[in-house]
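Undergrad: after the sequence you'll find the predicted model.
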Amino acid sequence: MSPSPPPIRSFWRTFRRNRMGMVGAVMLILAVLMAVFAPVLAPYNPYQPTRVTIDDIYAPPSPEHPFGTDDAGKDVLSSFIYGARVSLIVGFFASFISIFIGGVIGISAGFYGGKLENGLMRFTDIMLVIPDFPLIVLLVALTKPNLLNIILVIGLLGWTSSARLVRSQTLSVKQRKFVLRARAIGAGNFHIIRRHIFPLVLPLIVVNTVLVISLAVLNESALSFLGLSDPTKISWGQMLNFAFTRGAMSAGAWWALVAPGLGIVWLVLSCTLLGQGLEQVLNPRLETHHLSVGSKMVARMMGIKETPAIGD
Amino acid sequence: MGTHNPYSLQKAPVLMSVTDLSTDFLLESAPPAHALVDVSFTLREGEVLGLVGESGCGKTTLMLSLMRLLPANGRITSGTVNFMGQDLLGLSENAMAGIRWKHIAMIFQGAMNALNPVQRVGDQIAEAIVQHNYIQDKGVVDGRVIELLDLVGIGADRRSQYPHQYSGGMRQRAMIAMALACNPQIIIADEPTTALDVMVQAQILELLDNLRQKLGLSILFVTHDLGVVAEMCDTVLVMYGGVTAEYASVDTIYNDPQHPYTRELLRAFPDLSRPTEKLASIPGHPPRLNALPPGCRFAPRCPAVFDRCHTEQPALHLVKPGHWASCHLVEQM
């Protein structure tokens, strides 16, 4: 009997077959590669001052500038490529902060129960009902709108739904018999959480992280669009803001809006697809749920219809 | 599978003695349910004590009380559990954690649920060793895991597999290996053969019996199966509705049962020597703990019931040395 493959490899084998998740993963990897290799990929450096003439402002797409130029006569393609960096950095770091807070609060509330749970969950409820975005705008406007502050504000306000999800999963894992066994072994709370609760909550945390990334990306873009971005860093939201406030619409320069807009859609879509794909792979119950019409179930239903009745 | 000589057993030193153990479950909008009332027994070295009774008779509550692993609303209200010269109920939580598994280990019912599905079986067995012996050397721990698996007949190369790659019987054997990890004196086996087919069941029982003789274990054996009791146990504690119905040696229970519940239980068990006889059953259900009858808890189902049973709870009477039964009929004899 051969030892079983490490869990990561068997996970990959299942995940590879999930088309939606794979599409999301490839899309996200492409975006990350673009951000990492921005200096190589971008035809111009958008941070370098350029000499422009009146003809360069809002110039339509041309072989020289495939995505056209913006209000300052800069190459939109180069700004677009560099802009991915801010979105991704904010998306990843803010969602890590969110999921860390949500995970700690959710696991402690679910595991310890009682007064601690009550306190933590009421706090979560309060945070949950406060409209996130106005508060984010307010906090970023009050603090200096630099990259770190934006990450912190988005991260510190986005953990509520994760905390609730993680708590409910912890509650159900806590009831499993192997937790009682661990206690019978003489294990303490921390050991049980680390060895028996956390590994079973982890899939949910992974899925949630990916989904929270897309939320953070959207929040960041919205902030930048409102002019609350780090003025020294080009981001997609900022490009939209400049195009919107500096007359791209009236000049008919659609290219200044389309590229960053589609970039945001691309990133959010990739995270959502990846998150849903991971959810299906890590939570096998979703596939067999009577409400989910997965490809397997469709095939089964078709099969039943196509099978001719014997003896008719 | 030989039962121990009762005479040698009576001379064996007492390992654990439980006196008047009572456990309540606190309910939100009702008075507490008395799940366990004044249960007493002794467990000697090398003894196998069978704990029998229908579902809901307090067998699991008794076990969890001994280990002090009751759910949050469970309270031990009185009694002592004397083990190695100390009362387990009076120990601090930390001291109790040191007793668990090192001295008293458990084999859980339904091994699939008692194993963590995302951890290798070998790691789960090692968990208890590391927890109590603080062996840091990975090689030594691994060697011990191999030794334990060998003891229950599982190949060493399967320690890196996950529980779902094991068959039902193997999982149960892995649970037994886990229970033996710290060389405990007492093993509490909660229906270790339930949900296994008879062949595997026989294997597990034989394994337990071998280990008992090889390692000198005392076993508290919880089961529904009276055939298993006859085969494995030295003494039997019959429970009904949270109280002791009868407590005696296995021979006495089978040949001279005094409590009507014990008799009915034995009658409800198929007998190979009379294959044509219809199987008897005890009509009714065990009492709900929040709606106990005022007198004897078995009175509503008892075939030998009389007036006094409905008004007065019978005490535990000594029938003869080593044989107790809680029934008014015993007192009248």
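TA: Nice, I can see it.
Undergrad: what ranges in the chain fall below the confidence cut-off?
TA: Since you didn't name a chain, this refers to chain A. Applying pLDDT under 70 to chain A picks out residues A:1-7, A:283-312.
Undergrad: not quite, I wanted chain B
TA: Looking at chain B by pLDDT under 70, you get B:1-10, B:134-136, B:332-333.
Undergrad: can you tell me which residues in it are near chain A?
TA: Proximity of chain B to chain A, by CB under 8 Å from any CB of the partner chain, involves residues B:67, B:69, B:72, B:97-102, B:105-106, B:108, B:110, B:113-119, B:127-128, B:131-132, B:155, B:157-158, B:160-162, B:165. Any C-beta I mention is one placed from the backbone N, CA and C, and that applies to glycine too.
Undergrad: again, only using 6 Å
TA: B:67, B:69, B:97, B:100-101, B:106, B:108, B:113-116, B:118, B:128, B:131, B:158, B:160-162 (CB under 6 Å from any CB of the partner chain).
Undergrad: tell me which other helices or strands the lengthiest helix in chain B touches.
TA: Counting by DSSP state H, the longest helix found in chain B is helix B:198-215. Judged by 3 or more CB pairs under 6 Å, 6 or more residues apart in numbering or on different chains; DSSP states H and E, helix B:198-215 has no packing partners among the helices and strands.
Undergrad: tell me which element B:T80 is part of?
TA: strand B:74-83 (DSSP states H and E).
Undergrad: that strand: which residues count as buried?
TA: Burial within strand B:74-83, assessed by neighbour count using 16 or more other CB atoms under 10 Å in any protein chain shown, is assigned to B:74, B:76, B:79-83.
Undergrad: tell me which of those residues is nearest to chain A?
TA: B:G74 (12.5 Å; CB to the nearest CB).
Undergrad: those helices in the stretch 101-250 of chain A, which residues are they?
TA: A:114-129, A:132-142, A:147-157, A:160-174, A:177-185, A:189-192, A:198-225, A:236-245 (DSSP state H, counting those that start in this stretch).
Undergrad: now find how far off-centre the fourth one is within its chain.
TA: It stands for helix A:160-174. In terms of CA atoms, centre = their mean, to the nearest Å, the centre of helix A:160-174 is set 19 Å apart from its chain centre.
Undergrad: check the shortest one too.
TA: Distance, stretch centre to chain centre, for helix A:189-192: 30 Å (CA atoms, centre = their mean).
Undergrad: mind listing what's buried in it?
TA: Buried, per 16+ other CB under 10 Å, within helix A:189-192: A:191-192.
Undergrad: could you export it as CSV, CA atoms only?
TA: Taking Å, rounded to 0.1, in the frame of the first residue of the first chain, the C-alpha atoms of helix A:189-192 are listed here in CSV:
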residue,chain,number,x,y,z
ASN,A,189,-7.7,24.5,24.2
PHE,A,190,-4.9,26.0,22.2
HIS,A,191,-3.7,22.6,21.0
ILE,A,192,-7.2,21.6,20.0
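Undergrad: quick one: the strands in chain B, in order.
TA: For chain B, the strands defined by DSSP state E occupy B:14-27, B:30-44, B:48-52, B:74-83, B:86-87, B:104-107, B:186-190, B:218-223, B:235-240, B:243-249, B:317-320, B:323-325.
Undergrad: what angle sits between the longest one and strand B:243-249?
TA: Angle, strand B:30-44 to strand B:243-249, by axes from the mean of the first three to the mean of the last three CA atoms, to 10 degrees: 10 degrees.
Undergrad: in its sheet, what does strand B:30-44 sit against?
TA: strand B:14-27 (antiparallel) (DSSP bridges).
Undergrad: what does the fourth one give?
TA: Using DSSP bridges, the strands paired with strand B:74-83 are strand B:14-27 (antiparallel), strand B:86-87 (antiparallel).
Undergrad: can you check the third one too?
TA: Partner strands and pairing direction for strand B:48-52 (DSSP bridges) are strand B:218-223 (parallel), strand B:235-240 (parallel).
Undergrad: any chance of the ones you listed in JSON lines with mean neighbour count as columns?
TA: Listed next are these as JSON lines, based on neighbours: other CB atoms under 10 Å in any protein chain shown:
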{"stretch": "strand B:218-223", "mean neighbour count": "24"}
{"stretch": "strand B:235-240", "mean neighbour count": "25"}
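Undergrad: a markdown table please, covering those and showing distance to B:V37.
TA: Below are the strands paired with strand B:48-52 laid out as a markdown table (distance: least, CB to CB, whole Å):
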| stretch | distance to B:V37 |
| --- | --- |
| strand B:218-223 | 18 |
| strand B:235-240 | 10 |
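Undergrad: just want the angle from the strand holding B:T80 to strand B:186-190.
TA: Using the same axes, to 10 degrees, the inter-axis angle of strand B:74-83 relative to strand B:186-190 is 140 degrees.
Undergrad: who's in contact with strand B:74-83?
TA: Under the criterion CB atoms under 6 Å, 6 or more residues apart in numbering or on different chains, residues B:16-25, B:65-66, B:87-89 lie in contact with strand B:74-83.
Undergrad: so where does A:L273 fall, helix or strand?
TA: Assigned by DSSP H and E, A:L273 belongs to helix A:255-282.
Undergrad: enumerate every residue touching the nearest residue to B:P32 once chain neighbours are set aside.
TA: Leaving aside its sequence neighbours, B:P32 sits nearest to B:D24 (CB to CB, 6 or more residues apart in numbering or on different chains; 4.0 Å). By CB under 6 Å, 6+ apart, B:D24 lies in contact with B:32, B:34, B:75, B:77.
Undergrad: farthest pair in the residues you listed?
TA: By the measure CB to CB, B:H34 and B:R75 form the most distant pair in the contacts of B:D24, at 10.5 Å.
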